[in-house]
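Engineer: quick check, what structure comes out for this input:
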Amino acid sequence: MPIEPKIFKAYDVRGKYPEELNEETAFQIAAAVGKHFGGRAKIIVGRDGRLSSPTLYKAVTSGLKVKSYKLKVISVGIMTTPTLYFLVNKLKADGGIMVTASHNPKNYNGLKVVGKNARPISGKEILKLVSASPAFLSAPASLRSSGGARLRLAAKTRLRRDQSFGGSVVAVRNAGKSDISLYSYFLKKFLKPKRKLKVVFDCSNGTTGRILRQLTTNNKQLTTIFINDNPDGNFPAHGPNPLLKGATGQLEKEVKKQKADLGVIFDADGDRVFFIDNRGRWIDPNESAYILTKLFPSPYVVGVVSSKRIKVKGAIISRVGHYFFKKLMREKKASLGLEHSGHYYFKKFFYCDSGILAAIEVINFVSALKGDLASWLDKLPRYYRSGELNFEVRDKEKVLRAVEMRYRQGAKQILSLDGLTIEFSDYWFNLRPSNTENLLRLNIESTDKNILNKELQNLKKLIIV
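Structural biologist: Predicted structure coming up:
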């Protein structure tokens, strides 16, 4: 069965299960990646809690175990994506593969692949590896079938394939529990609240719960309440993406009910985090990013769609996406990376993103305030934002040219990094093309709500043709 090229995204591999990504394709991709890593490399494999992840995870480990590779595959089981990043560094591995679709709906799954030091390998790079390995484009006959029969056959034949392909697979200490303890121990040294706080954690039925419990147990300054902390691939509470409408409703109510100081919500694989203040209000990720800039020295990396609040002296502008952020942070030795999608990257965490580490830093910040978080936020100068708006267009480049021609006169600054960014004295906007669809994504921000609304309508007239 040929692999569908569209599953190779800008940053990783993602697709619907089982139509686009299944045990057969996961095996093929892992085999090509294993060939890339070469003889006797140490590779760590983990997975999230999705319903399809256990069998895809086994297909990945099988694909890495081709005899000629002689790879040492360390199978660590269910965990967060940042835990995998940590273990690749801690165990000095040559790379790692995480089976996860992060915040995508439950019928999706994917693969995040990293090299040494957890440096990301993009989906496009993975596609090149697969294309250069024609021997693996046709999966073993045991995996070639259709529909439910394919999945049943894959499950039955996997043990036979595991035995025949050889290689070294290490089941690490009871499905990763000790590895989670290692990660929790690493994080614990950063958790230093200065006063007593009550915090509500919503784990979105993902994989952050066990780590958070180990991290916060016996901390006398913290009272913690957990909701949706058991991994469940059906995501019964609100789905794996905290940004979707209604996803934070339960957390907002719980924060108010418990009279908590802070609410924290993670996506399904724990690499993104968002916050609720003590009044039960959503905190824009740009404000969360602003809090983190108070705790770390410059330089730091921000995205082209980040708020002007954090695009200040010491900020380095990056294209959107973890692949670009991590690369630029390493080049500039930045202490911090701040992405509007809820990814926060830390030099002290191997230039990787960690939702839990970001939560720790925000908890520390709130504990140092003389008053409550909501009052502190209310004192900040106001910025009005459209949020990211998507427009389906026939010709992305034509629309971008038309917008630039219309707005270039009088602009303070025009940037062509990641689409088109145009800045004026009282507002700015970014219009950038999707990597995979005929979409343009618009973000606009202003210090004046009326200006925001006016320019948003003007831009819509140019974009929608």
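
Engineer: got any ranges where the stretch 51-200 of the chain has weak pLDDT?
Structural biologist: Applying pLDDT under 70 to the stretch 51-200 of the chain flags the ranges 134-178.

Engineer: please enumerate the strands of it.
Structural biologist: 72-78, 95-99, 108-114, 120-121, 168-171, 197-202 (DSSP state E, counting those that start in this stretch).

Engineer: now mean neighbour count too, for these, in a markdown table please.
Structural biologist: Where C-beta positions appear, they are placed from N, C-alpha and C, glycine not excepted. Formatted as a markdown table, the strands of the stretch 51-200 of the chain follow (neighbours: other CB atoms under 10 Å):
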| stretch | mean neighbour count |
| --- | --- |
| strand 72-78 | 21 |
| strand 95-99 | 28 |
| strand 108-114 | 26 |
| strand 120-121 | 22 |
| strand 168-171 | 14 |
| strand 197-202 | 23 |
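
Engineer: how close does the closest residue in space to residue 104 that isn't next to it in sequence sit to residue 287?
Structural biologist: Nearest residue to residue 104, sequence neighbours excluded (CB to CB, 6 or more residues apart in numbering): residue 14, at 6.3 Å. From residue 14 across to residue 287, the span is 29 Å (CB to CB, to the nearest Å).

Engineer: which of those two has more neighbours?
Structural biologist: Set residue 14 next to residue 287 and count neighbours by other CB atoms under 10 Å: residue 14 wins out with 22 against 19.

Engineer: quick one: contacts for that one?
Structural biologist: 7, 21, 101, 104, 108-110, 123 (CB atoms under 8 Å, 6 or more residues apart in numbering).

Engineer: can you check residue 100 too?
Structural biologist: 47-48, 50, 53, 81, 109-112, 268-269.

Engineer: need the max-distance pair from those.
Structural biologist: 111 and 268 (14.8 Å; CB to CB).

Engineer: got the domain boundaries for the protein?
Structural biologist: Per the record, the chain has its domains at 5-177, 196-378, 384-463, by automatic domain parsing.

Engineer: can you give me the end-to-end distance of the second one?
Structural biologist: It stands for domain 196-378. Length of domain 196-378, first residue to last, CA to CA, to the nearest Å: 22 Å.

Engineer: what about that domain, distance to the chain center?
Structural biologist: Taking CA atoms, centre = their mean, to the nearest Å, one finds the center of domain 196-378 at 12 Å from the center of the full chain.

Engineer: for the shortest one, same thing?
Structural biologist: With CA atoms, centre = their mean as the basis, domain 384-463 stands 25 Å off its chain's centre.

Engineer: count of neighbours near residue 365?
Structural biologist: The tally of other residues near residue 365 (other CB under 10 Å) stands at 19.

Engineer: thought it was touching residue 294?
Structural biologist: Yes. With contact defined as CB atoms under 8 Å, residue 365 and residue 294 form a contacting pair (6.7 Å).

Engineer: and the pLDDT at residue 2?
Structural biologist: Note on residue 2: pLDDT of 76.

Engineer: pretty sure it belongs to a strand, no?
Structural biologist: No. Counting by DSSP: H, G, I helix; E, B strand; the rest coil, residue 2 falls outside a strand, being coil.

Engineer: distance of it relative to residue 28?
Structural biologist: For residue 2 relative to residue 28 (CB to CB), the value is 9 Å.

Engineer: between these two, point out the one with more neighbours.
Structural biologist: residue 28 (24 against 8).

Engineer: and the more buried one, what element?
Structural biologist: helix 23-37 (DSSP states H and E).

Engineer: give me the angle between that helix and strand 108-114.
Structural biologist: Calculated by axes from the mean of the first three to the mean of the last three CA atoms, to 10 degrees, helix 23-37 forms an angle of 10 degrees with strand 108-114.

Engineer: determine the set of other helices and strands touching helix 23-37.
Structural biologist: helix 53-64, strand 95-99, strand 108-114, helix 123-131, helix 147-165 (3 or more CB pairs under 8 Å, 6 or more residues apart in numbering; DSSP states H and E).

Engineer: tell me what the residue nearest to residue 104 is bridged to.
Structural biologist: residue 110 (DSSP bridges).

Engineer: same check on residue 266?
Structural biologist: Residues in beta-bridge contact with residue 266 (DSSP bridges): residue 273.

Engineer: contacts only, for it.
Structural biologist: Contacts of residue 266 (CB under 8 Å, 6+ apart): 201-204, 206, 208, 242, 272-273, 355-356, 359.

Engineer: will you turn these into JSON lines that also has distance to residue 457 and pLDDT?
Structural biologist: Converted to JSON lines, these look like this (distance: CB to CB, whole Å; pLDDT from 0 to 100):
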{"residue": "201", "distance to residue 457": "40", "pLDDT": "98"}
{"residue": "202", "distance to residue 457": "36", "pLDDT": "98"}
{"residue": "203", "distance to residue 457": "40", "pLDDT": "98"}
{"residue": "204", "distance to residue 457": "35", "pLDDT": "98"}
{"residue": "206", "distance to residue 457": "38", "pLDDT": "98"}
{"residue": "208", "distance to residue 457": "40", "pLDDT": "97"}
{"residue": "242", "distance to residue 457": "29", "pLDDT": "97"}
{"residue": "272", "distance to residue 457": "31", "pLDDT": "98"}
{"residue": "273", "distance to residue 457": "33", "pLDDT": "98"}
{"residue": "355", "distance to residue 457": "36", "pLDDT": "98"}
{"residue": "356", "distance to residue 457": "41", "pLDDT": "98"}
{"residue": "359", "distance to residue 457": "38", "pLDDT": "98"}
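
Engineer: having no further points to raise, I will conclude here.
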